[in-house]
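Visitor: Here you go, sequence then predicted model.
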There are 2 protein chains.
Amino acid sequence: MTAKIIDGKAFAADVRARVAEQVAAMKAAHGITPGLAVVLVGEDPASQVYVRSKGEKTREVGMNSFEYKLPADVPEAELYALIDKLNADPQVHGILCQFPVPPHLSERDIIARISAEKDVDGLSVINAGRLATGQKAMVSCTPLGCLMMLRDERGDLSGLDAVVIGRSNLVGKPMGQLLLRDNCTVTMTHSRTRDLAEAIRRADIVVAAVGVPEMVKGDWIKPGATVIDVGMNRLPPEEEGGKGRLVGDVDFAAAKEVAGAITPVPGGVGPMTIACLLANTLTATCRANGLPEPEGLTA
Amino acid sequence: MTAKIIDGKAFAADVRARVAEQVAAMKAAHGITPGLAVVLVGEDPASQVYVRSKGEKTREVGMNSFEYKLPADVPEAELYALIDKLNADPQVHGILCQFPVPPHLSERDIIARISAEKDVDGLSVINAGRLATGQKAMVSCTPLGCLMMLRDERGDLSGLDAVVIGRSNLVGKPMGQLLLRDNCTVTMTHSRTRDLAEAIRRADIVVAAVGVPEMVKGDWIKPGATVIDVGMNRLPPEEEGGKGRLVGDVDFAAAKEVAGAITPVPGGVGPMTIACLLANTLTATCRANGLPEPEGLTA
């Protein structure tokens, strides 16, 4: 058996198309345009690329993109004044600050400053608490994207055995909460887990988010399981000056012979991140205006 | 093999003694007396008993107990004014409102009104979020008590397989977070779990918090496992006018023949709740005054 390869690029494009459709309907029916504000501090080249790409994709789905570039030495108070202004601005429904920020700033404090309702990256303590207690939350983009793919692949997840590998605040822990909310039996595994292979062998759903190249072996996978690989690991280059190959946390070549469906790396979960950011911005806009949650785009 | 029966009453008395010792040391060294404020709305007889008992135990460990009794029809604004006053009072380190409250009041809003630092019941969204993201939190008393018992019984929990049965916000979910933080491999099970018996058979640690009398059978338990039974279920009375027997979620008689250690019902987890409330009040006092966390009394 060879697994279905889940095409993350196509899936993300579909999510963005559905966001665009609902944005158009919202403009037509209510005259509301969702707005996403992105704050960039300093001139990190990779961050500049990300911010530009987010801005383009935001506009593509018909939302307003507000971009703020602050110098690397911006005083904390000035950054907070901007965040406070954005928190209060009814045109702005989502706010994110591109990380990393220069060392004189605290990422945790910046996140705490952003209104929980506009925290479309789902990073704040309040959103973690809402998720953990089953309330409406902003859910961080990567686990939300994984959940969308899993629901698309498996339909109702109720009663399925799910194993999450890795317990980061950004992926593993919220992923576990989301799967539990969807009625999976959820096992959280990590570096101290005694027999990871055995735990994975029982799982209908495997989400790997541990950052160890090809750690999950093909013969650990239960036949027919759905495997979501969040890993993004750069192998050492094979030749001098070359760039190493990008691989996930799962031995893809072997696992795809056993799994029912699997995401590749690259081209699996990665492209979902921005799509889910836009989905979250739409969700935040709906909530801010007392409209129903967008269909199929929330946890 | 017959399991060690964990004596919750003795364990709780020991926790209270350790709290009392640290309270005395804190008074001597810093002149600080921890204070717990309990707010009771209305005249529910069971709640009156609980509040009286909490007050007595608070004074027994050398803390200040502040008790507030409000009429059942107290306006929300008046209750909130009291909470705001207690939030601002440096003599008050912990605040709890005895639930249930009359229907014109919202438990969720009351919890949100109490400062997260003084929320010694660990019920607020912010404390759930802090727990979920690995920060210092106030942890709700029952799961904290279970954790203390587990650490006492097993020492280092790292690498142990733990199964939590039930996913309530009050017990199951925070219990899972605490066990994960202590490096267990944690499986969250619930009513939709397909094969609960099989999941439990693998577990070194079982925490049952589901509210179904004697649901967990003796032959589901792995030999030597530690079984913590949070259930408190009243069976139908055997004779007219009689009171039904109190049982847990685990078939105690059968399970104690297999487990390594097990809590009885009653007399297991139950007595730990007030002890952990006092431990949390001490912890809150330490944090409010920049003192080190109390040894062995926190998550």
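Guide: That came through fine. Numbers count the residues shown, from 1 in each chain, chains lettered A, B, ... in the order given.
Visitor: How about the residues of the stretch 101-250 of chain A by chain B?
Guide: Contact residues (CB under 8 Å from any CB of the partner chain) of the stretch 101-250 of chain A with chain B: A:124-135, A:158-159, A:161, A:167, A:169, A:173, A:176-177, A:180, A:183, A:185-190, A:192-194, A:199. Placement of C-beta: from N, CA and C, glycine included.
Visitor: which of those residues count as buried?
Guide: A:124-133, A:161, A:167, A:169, A:173, A:176-177, A:180, A:183, A:185-190, A:193, A:199 (16 or more other CB atoms under 10 Å in any protein chain shown).
Visitor: Show me where the stretch 101-250 of chain A has its helices.
Guide: A:107-113, A:125-132, A:141-154, A:172-181, A:196-201 (DSSP state H, counting those that start in this stretch).
Visitor: who does the third one touch, helix- and strand-wise?
Guide: To tie it back to what came earlier, the one meant is helix A:141-154. With contacts taken as 3 or more CB pairs under 8 Å, 6 or more residues apart in numbering or on different chains; DSSP states H and E, helix A:141-154 sits against helix A:8-30, helix A:172-181, strand A:205-208, strand A:226-229, helix A:272-288.
Visitor: how about A:Ala72, what does it touch?
Guide: A:41-43, A:102 (CB atoms under 8 Å, 6 or more residues apart in numbering or on different chains).
Visitor: Give the residue spans of chain A that score low on pLDDT.
Guide: Counting by pLDDT under 70, chain A contains low-confidence ranges at A:1.
Visitor: Most proximal residue of it with respect to chain B?
Guide: Relative to chain B, the nearest point of chain A is A:Gly129 (2.9 Å; CB to the nearest CB).
Visitor: which ones are touching the closest residue in space to that residue that isn't next to it in sequence?
Guide: In this structure, A:Gly129 finds its nearest non-sequential neighbour in B:Gly129, 2.9 Å apart by CB to CB, 6 or more residues apart in numbering or on different chains. Listed by CB under 8 Å, 6+ apart, the contact set of B:Gly129 reads A:124-130, A:132.
Visitor: now A:Val163
Guide: A:186-187, A:189, A:199-200, A:202-203, A:205-207.
Visitor: Just flag the most distant two among these.
Guide: A:Arg202 and A:Val207 (14.3 Å; CB to CB).
Visitor: Just want to know which of the two has more residues nearby.
Guide: Between A:Arg202 and A:Val207, counted using other CB atoms under 10 Å in any protein chain shown, the more crowded position is A:Val207 (32 against 17).
Visitor: Of the contacts of A:Ala72, which is the nearest to B:Gln22?
Guide: Closest to B:Gln22, out of all of these and judged by CB to CB, is A:Pro102, at 41.4 Å.
Visitor: That closest one: neighbour count?
Guide: Counted with other CB under 10 Å, A:Pro102 comes out at 13.
Visitor: Go ahead and confirm A:Asp152 touches A:Ala12.
Guide: No - using CB atoms under 8 Å, A:Asp152 is not in contact with A:Ala12; the gap is 11.8 Å.
Visitor: So for these two, which sits in the more crowded spot?
Guide: A direct count of neighbours by other CB under 10 Å for A:Asp152 and A:Ala12 places A:Ala12 higher, at 25 against 15.
Visitor: for that one, what are its contacts?
Guide: A:145, A:271-272, A:274-275.
Visitor: Excluding residues flanking it in the chain, which one is nearest the residue nearest the centre of chain A?
Guide: For chain A, the residue nearest the mean C-alpha position is A:Thr142 (1.7 Å; CA atoms, centre = their mean). Using CB to CB, 6+ apart and skipping the chain neighbours, the partner closest in space to A:Thr142 is A:Val171 (5.2 Å).
Visitor: And A:Glu43, by the same measure?
Guide: In space, A:Glu43 is closest to A:Ala72, 6.6 Å off (CB to CB, 6+ apart).
Visitor: Next one: A:Ala88 relative to A:Lys118, how far apart?
Guide: 10 Å (CB to CB, to the nearest Å).
Visitor: So between the two, which is more surrounded?
Guide: A:Lys118 (26 against 9).
Visitor: still on that earlier bit, closest to B:Gln48 among the contacts of A:Val163?
Guide: Looking across the contacts of A:Val163 and measuring by CB to CB, the closest to B:Gln48 is A:Val186, at 40.1 Å.
Visitor: tell me the contacts of that closest one?
Guide: A:162-164, A:176, A:179-180, B:187-188.
Visitor: Quick check: the farthest pair among these?
Guide: Most distant of the contacts of A:Val186, by CB to CB, are A:Val163 and A:Leu180, 12.6 Å apart.
Visitor: give the contact list for A:Ser168.
Guide: A:Ala209.
Visitor: Can you tell me the SS state at the residue nearest to A:Glu43?
Guide: coil (DSSP: H, G, I helix; E, B strand; the rest coil).
Visitor: That one and A:Ala81, how far apart?
Guide: Using CB to CB, we find A:Ala72 at a distance of 17 Å from A:Ala81.
Visitor: Phi, psi for the residue nearest to A:Gln22 when sequence neighbours are not counted please.
Guide: Once flanking residues are discounted, A:Gln22 sits nearest to A:Pro294: 5.1 Å by CB to CB, 6+ apart. The phi/psi pair for A:Pro294 (degrees, to the nearest 10) reads phi -70, psi 130.
Visitor: ok, A:Pro294 touching A:Ala279?
Guide: Yes - the pair A:Pro294 / A:Ala279 is scored as a contact, 7.0 Å apart, by CB under 8 Å.
Visitor: Columns distance to B:Gly62 on top of the contacts of B:Gly129, output as a markdown table?
Guide: Output for these, formatted as a markdown table (distance: CB to CB, whole Å):
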| residue | distance to B:Gly62 |
| --- | --- |
| A:Ser124 | 38 |
| A:Val125 | 33 |
| A:Ile126 | 35 |
| A:Asn127 | 39 |
| A:Ala128 | 35 |
| A:Gly129 | 32 |
| A:Arg130 | 37 |
| A:Ala132 | 34 |
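Visitor: returning to that earlier point: spit out the contact partners of the residue nearest to the centre of chain A.
Guide: For A:Thr142, the contact set (CB under 8 Å, 6+ apart) comprises A:170-171, A:209, A:230, A:269, A:272-273, A:276.
Visitor: sorry, back to before: same list, the contacts of A:Ala12, but as a markdown table with distance to B:Lys57 and neighbour count please.
Guide: Converted to a markdown table, the contacts of A:Ala12 look like this (distance: CB to CB, whole Å; neighbours: other CB atoms under 10 Å in any protein chain shown):
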| residue | distance to B:Lys57 | neighbour count |
| --- | --- | --- |
| A:Gly145 | 49 | 29 |
| A:Pro271 | 57 | 19 |
| A:Met272 | 52 | 27 |
| A:Ile274 | 54 | 20 |
| A:Ala275 | 54 | 27 |
